[in-house]
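# take this sequence and fold it.
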Amino acid sequence: MSDALRYDAIVIGSGQGGNPLAKALAAAGRKTAVIEREHVGGTCVNVGCTPTKTMVASARVAYLAHRARDYGVRTGVVDVDLAGVRERKRSIVDEWRRGGEASLRGTERLDLLMGEARFIGPKTVDVHLMGGERRVLTGDAVFLNTGARPGRPAVQGLEQVPTLDSTSVMELEVVPEHLLVIGGGYVGLEFGQMFRRFGSRVTIIHRGKQLLSREDADVAEELAKILREDGIEVLLATDVERAAPAAGRGIDVTVRSDGASGARAVGGSHLLVAAGRIPNTDRLNLAAAGVQTDARGYVQVNERLETGVPGVYALGDVKGGPAFTHISYDDFRILENNLLKGGNSTTRGRLIPYTVFTDPELGRVGLSEQEARSQGRAVRVAKMPMAYVARAIESAETRGLMKIVVEATTGQILGCAILGVGGGELMSMVELAMLGHLPYTALQNGIFAHPTFAESLNNVFDYLQ
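Down below sits the predicted model:
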């Protein structure tokens, strides 16, 4: 289009992959535009990692205050000021958001446009700016980094009752009396435990036979045990059939569990829907660009993050796959290496570490035992309870377990699940060994400072079977 503003690169969405990519492209001399509909920083900074982990930290303080006598410490009545928790969260988010926006605006050859983009042709987008203006942009390359948002399950009556999602639940200023949570994935578990520690009754309703479907059953069972010890009601193999306003106030959900003779009602004051996410592609008009999506709306890409349209790429949650900030950032590294450094990086074979920020947290990387055996691998498994870890005993934090999967023939570590205090950090140590292709004996015989959680890596392999 003759009246379109021409750029070398257009990045739609300013998430944790799009921002560094835009700055790298601009630094390489390419005139770049970043289009952001709402807030710079994407899910992670605004409604994901940053705000949730500030609230998880507040919940842990409340938990430790309640447990003070376990450590020989006397405290008074523990009272949670949820509005204060919220303000701390907002302050940190605002700081990170403003810093990210200032960084983009201060980058030469980079234009930040606050508005919503919609394709009107191949590599051509119509941008509706927040101020009401419209601009048409065309670029030699276009990068989709629009992320995902909370989804809603098909439950009868759900639209007729007030619900919370992973964004709105963080804006509450009063602790719910009884929080019902639909979904036993990362989001549901983190918020469920958080609000239990703030003082709510909590019921988690999960349709699967175990929490966290990608984990081994023994790991999932141990986490469910911990949550129940915390006073959380966990309903497994349970479907939510309908929702309705409760007589008086609150919400009733009708559930049916496997093996039960019939349905029953579960009532609560608030309802958090944490049953998955959907990609932000429905308003992009991708058909005009020729970009294909799968049945769920995720952009289809190859291992080099290329769509079926030359010069159009997707990175981060919008392309499906593991929805983690560090994966989005690795997508950026792949594109930077291939487009600016002449490399040939792909997503093939990369390790996928992640941490579920319950307390204790679950750190995971590589293959689970179930995944390894389903691939026909001969494996040995080392499993040890955290109650055998000296530092855990000294810290009165003995809940959880360590589980490491080893290839029987080579001694190479295939993966691990560490459910315990610092589980994400211990997992990262195991990941470093995997990245260096070290056999498990390198950890078993390594000298780690005493007393640390790390030295548990000496001991866990004593239980290798």
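
# how about the CA coordinates for the biggest helix by length in the chain, as CSV?
As assigned by DSSP state H, the longest helix anywhere in the chain is helix 82-105. What follows is helix 82-105, C-alpha atoms only, in CSV (Å, rounded to 0.1, in the frame of the first residue of the first chain):
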residue,chain,number,x,y,z
LEU,A,82,-5.0,-8.5,51.3
ALA,A,83,-5.3,-4.9,50.1
GLY,A,84,-1.7,-4.4,51.3
VAL,A,85,-0.6,-7.5,49.5
ARG,A,86,-2.2,-6.2,46.3
GLU,A,87,-0.5,-2.8,46.6
ARG,A,88,2.9,-4.4,47.0
LYS,A,89,2.2,-6.5,43.9
ARG,A,90,1.0,-3.5,41.9
SER,A,91,4.1,-1.4,42.9
ILE,A,92,6.5,-4.1,41.7
VAL,A,93,4.5,-4.6,38.4
ASP,A,94,4.4,-0.9,37.7
GLU,A,95,8.1,-0.6,38.2
TRP,A,96,8.9,-3.4,35.8
ARG,A,97,6.4,-2.2,33.3
ARG,A,98,7.7,1.3,33.3
GLY,A,99,11.2,0.1,33.0
GLY,A,100,10.4,-2.1,30.0
GLU,A,101,8.5,0.7,28.2
ALA,A,102,11.3,3.2,28.8
SER,A,103,13.8,0.7,27.4
LEU,A,104,11.8,0.3,24.2
ARG,A,105,11.2,4.1,23.8
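
# just the buried residues of that helix, please?
82, 85-86, 88-89, 93, 96-97, 100-101, 104 (16 or more other C-beta atoms under 10 Å). For the C-beta atoms, the positions are set from N, CA and C on the backbone; glycine is no exception.

# go on, stretch 288-300?
Buried-residue list, stretch 288-300, by 16+ other C-beta under 10 Å: 289, 291, 293, 297-299.

# can you check stretch 199-216 too?
In stretch 199-216, counting by 16+ other C-beta under 10 Å, buried: 200-207, 210-212, 215-216.

# and for stretch 52-70?
In stretch 52-70, counting by 16+ other C-beta under 10 Å, buried: 52, 54-56, 58-60, 62-65.

# before we move on, what about stretch 280-290?
In stretch 280-290, counting by 16+ other C-beta under 10 Å, buried: 280-281, 284-286, 289.

# would TSV of the residues you listed with secondary structure, pLDDT and distance to Ile393 be doable?
Formatted as TSV, those follow (DSSP: H, G, I helix; E, B strand; the rest coil; pLDDT from 0 to 100; distance: C-beta to C-beta, whole Å):
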residue	secondary structure	pLDDT	distance to Ile393
Asn280	coil	97	46
Thr281	coil	98	50
Leu284	coil	98	53
Asn285	coil	98	59
Leu286	helix	98	55
Ala289	helix	97	58
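
# nearest spatial neighbour of Arg90, chain-adjacent residues omitted?
Pro51 (7.9 Å; C-beta to C-beta, 6 or more residues apart in numbering).

# how many residues are close by the one you found?
Each residue near Pro51 was counted by other C-beta atoms under 10 Å, and the total is 23.

# what about it, which SS state?
Under DSSP: H, G, I helix; E, B strand; the rest coil, Pro51 falls in the helix class.

# in the stretch 1-150 of the chain, which spans are strands?
Ranges of strands within the stretch 1-150 of the chain are 5-12, 32-36, 110-121, 124-129, 134-144, 148-150, based on DSSP state E, counting those that start in this stretch.

# let me know the average pLDDT across the last one.
The average pLDDT within strand 148-150 is 96.

# and the fifth one, by the same measure?
Taken as a whole, strand 134-144 has an average pLDDT of 97.

# keeping just the C-alphas, turn it into CSV.
In CSV, the C-alpha atoms belonging to strand 134-144 read as follows (Å, rounded to 0.1, in the frame of the first residue of the first chain):
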residue,chain,number,x,y,z
ARG,A,134,-5.2,4.5,12.7
ARG,A,135,-2.0,3.7,11.0
VAL,A,136,-1.2,1.1,8.3
LEU,A,137,2.2,-0.6,8.6
THR,A,138,4.0,-3.0,6.3
GLY,A,139,7.2,-4.8,7.1
ASP,A,140,9.7,-7.1,5.4
ALA,A,141,9.4,-9.4,8.4
VAL,A,142,6.6,-9.8,11.0
PHE,A,143,6.9,-11.4,14.4
LEU,A,144,3.8,-12.6,16.4
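
# what packs against that strand?
With contacts taken as 3 or more C-beta pairs under 8 Å, 6 or more residues apart in numbering; DSSP states H and E, strand 134-144 sits against strand 5-12, strand 32-36, strand 110-121, strand 124-129, strand 312-314.

# could you list the buried residues of that strand?
135, 137-139, 141-144.

# could you do the shortest one as well?
Judged by neighbour count (16+ other C-beta under 10 Å), strand 148-150 contains these buried residues: 148-150.

# what pairs with it, and is each one parallel or antiparallel?
strand 277-279 (antiparallel) (DSSP bridges).

# could you list which residues are in contact with the residue nearest the centre of the chain?
The centroid of the chain falls nearest to Phe324 when counting by C-alpha atoms, centre = their mean (5.0 Å). Applying C-beta atoms under 8 Å, 6 or more residues apart in numbering, we find Phe324 in contact with 352, 354.

# pLDDT at it, what is it?
Predicted confidence (pLDDT) for Phe324: 96.

# picking up where we left off before, okay, the angle between the longest helix of the chain and strand 32-36?
Helix 82-105 and strand 32-36 meet at an angle of 160 degrees, taking axes from the mean of the first three to the mean of the last three C-alpha atoms, to 10 degrees as the criterion.

# can you map out the helices along this protein?
According to DSSP H, the helices that the chain contains are 18-27, 42-46, 49-66, 82-105, 186-198, 217-229, 325-340, 369-374, 390-394, 423-435, 440-444, 456-459.

# distance from the chain centre to the fourth one, please.
When you say that, I think you mean helix 82-105. 19 Å (C-alpha atoms, centre = their mean, to the nearest Å).

# for the stretch 251-400 of the chain, what spans make up the strands?
Using DSSP E, counting those that start in this stretch, strands in the stretch 251-400 of the chain cover 251-257, 264-268, 270-273, 277-279, 312-314, 354-356, 361-366, 379-385.

# nearest to Leu426, out of these?
strand 361-366 (6.2 Å; C-beta to C-beta).

# how far is that closest one from where the chain is centred?
On C-alpha atoms, centre = their mean, the centre of strand 361-366 falls 12 Å from that of its chain.

# out of the buried residues of stretch 199-216, which are inside strands?
201-205 (DSSP state E).

# just give me the closest of those to Asn337.
When those are compared against Asn337 (criterion: C-beta to C-beta), the nearest one is Ile204, at 41.4 Å.

# can you pull the contacts of the residue nearest to Arg90?
So Pro51 contacts 89-90, 92-93, 170 (C-beta under 8 Å, 6+ apart).

# if we can go back for a sec, the ones in strands among the buried residues of stretch 199-216: which two are farthest apart?
Arg201 and Ile205 (13.5 Å).

# can you list the helices of the chain in TSV and add distance to Gly400?
Below are these laid out as TSV (distance: least, C-beta to C-beta, whole Å):
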stretch	distance to Gly400
helix 18-27	34
helix 42-46	26
helix 49-66	15
helix 82-105	25
helix 186-198	13
helix 217-229	6
helix 325-340	22
helix 369-374	17
helix 390-394	8
helix 423-435	7
helix 440-444	18
helix 456-459	11
